[in-house]
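# Can you look at this prediction? I've put the sequence above it.
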Amino acid sequence: MDSDRVFAGVDLSTGRSGVTVARLSGRLEVHSVRRRTPEEAAEELAACEKITAAFGGPLHSWRTAAESAEPIGQALREGKRPRSRAADGELSRRGIPVRRMPVMASAAPAWMRSAFGLARALAGHGFTEGKGAMDEPRAMLETHPGACAAVLLGRLPFGRTNLEGRIQRQLLLIREKMALPDPMQAFEEMTAHHILSGRLALDSVLRPDELDALLAAFTAWRASSDPESVTWLGDDAGGWICLPAKELSEKYTK
């Protein structure tokens, strides 16, 4: 692995508020975690000569992915709609919640369309997509932050927006050797007065979008540094989702 390669994660959950970009070094040092407009994110990522970027969502619409593939492409031309992408079906079968992607890009929610636009911009800067691109100077891949947390924990995580879910994800990343503040400090500083007054000091606990961006960046790091320790779900027609575990459970539960 190149010592100067950057590993980035892109969270798209904030929708119209922009995207959150996390950048890691090869030693899992956190360079930055910032909210950006899609245009700013494209500029920041394209400025890196060697980079692997993981999106917490699809890189392109299903129709674009499937037009050149059979039999899905043929089904689309005949007006038949497949039930789901292969990757999404694999996640759902394992008990991991997924947001089904519409066949038409115009029907996709705003956060998905932001992902499509950002991926197009990066492709214009020489980024190569998919599981066969990890050795390229500039690579991008799709992941699923919730599924990343599940496969690393071995069970479904708490809700991403809940305090316990945020702490759980942050502790998980710390366990994976990422340099982050200890979220348990929030409890050490918590008193009855803080709770009664509604003034909780939670500065040591990262936001949900920051944690999802870091989970994506960690997946990018693992896919590049140890390709044998990740799993790719999907197919060429609907796209591939990368998860940071060599083996997956048949079912993830609480």
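Nice, I can see it. Residues are numbered from 1 along each chain as shown.
# now that we're looking at the closest residue to Gly238 other than its chain neighbours, which residues does it contact?
For Gly238, the nearest residue in space outside its immediate sequence neighbours is Arg85; the separation is 3.3 Å by C-beta to C-beta, 6 or more residues apart in numbering. Placement of C-beta: from N, CA and C, glycine included. With contact taken as C-beta atoms under 8 Å, 6 or more residues apart in numbering, Arg85 is in contact with 62, 101, 234, 237-239.
# distance of Arg85 from Leu28?
With the distance defined as C-beta to C-beta, to the nearest Å, Arg85 ends up 30 Å from Leu28.
# ditto for Ser114
Applying C-beta to C-beta, the value for Ser114 to Leu28 is 27 Å.
# Please, where are all the helices along this protein?
Using DSSP state H, the helices of the chain run over 38-46, 62-66, 72-77, 86-93, 110-123, 145-153, 163-175, 185-188, 192-197, 208-225.
# Now do the contacts for Ala139.
51-53, 127-129, 133, 224.
# got those as CSV, with pLDDT and distance to Leu215 columns?
Listed next are those as CSV, based on pLDDT from 0 to 100; distance: C-beta to C-beta, whole Å:
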residue, pLDDT, distance to Leu215
Ile51, 97, 17
Thr52, 97, 14
Ala53, 98, 14
Phe127, 97, 20
Thr128, 96, 22
Glu129, 94, 20
Ala133, 89, 20
Ser224, 95, 15
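# Tell me which of those residues fall in strands.
Using DSSP state E to define strands, the subset of these located there is 51-53, 128-129.
# Would you check which pair of the residues you listed lies furthest apart?
Of all pairs drawn from those, the one with the largest separation by C-beta to C-beta is Ile51 and Glu129; the distance is 13.2 Å.
# still on that earlier bit, out of Ser114 and Leu28, which sits in the busier spot?
Just comparing Ser114 and Leu28: by other C-beta atoms under 10 Å the higher neighbour count belongs to Ser114, 23 against 19.
# The more buried one is in contact with Glu39, isn't it?
No - taking C-beta atoms under 8 Å as the definition, Ser114 is not a contact partner of Glu39, at 10.4 Å.
# if we can go back for a sec, looking at Ile51 and Glu129, which one has more neighbours?
Legend: neighbour count by other C-beta under 10 Å for Ile51 and Glu129, higher for Ile51 (25 against 20).
# Okay, and the beta partners of that one?
For Ile51, the beta-bridge assignment (DSSP bridges) gives partners Val6, Arg138.
# Quick check: it touching Met134?
No - because the distance of 11.6 Å does not satisfy C-beta under 8 Å, Ile51 is recorded as not touching Met134.
# ok, the residue nearest the centre of the chain - contacts?
Centroid-nearest residue in the chain: Gly56, 2.7 Å away (criterion: C-alpha atoms, centre = their mean). Remark: with contacts taken as C-beta under 8 Å, 6+ apart, Gly56 is in contact with 9-13, 143-145, 212-213, 215-216.
# mind running it again at 10 Å?
For Gly56, the residues meeting the contact criterion (C-beta atoms under 10 Å, 6 or more residues apart in numbering) are 9-13, 19-20, 111, 115, 142-146, 148, 209, 212-213, 215-217, 219.
# ok, Gly124 touching Ala42?
Yes - judged on C-beta atoms under 10 Å, Gly124 makes contact with Ala42 at a distance of 8.7 Å.
# So between the two, which is more surrounded?
More neighbours sit around Ala42 than around the other of Gly124 and Ala42, counting by other C-beta under 10 Å; the figures are 22 against 10.
# what's the burial count for Cys50?
That one is not Cys; residue 50 is Lys. A count of nearby residues for Lys50, using other C-beta under 10 Å, gives 15.
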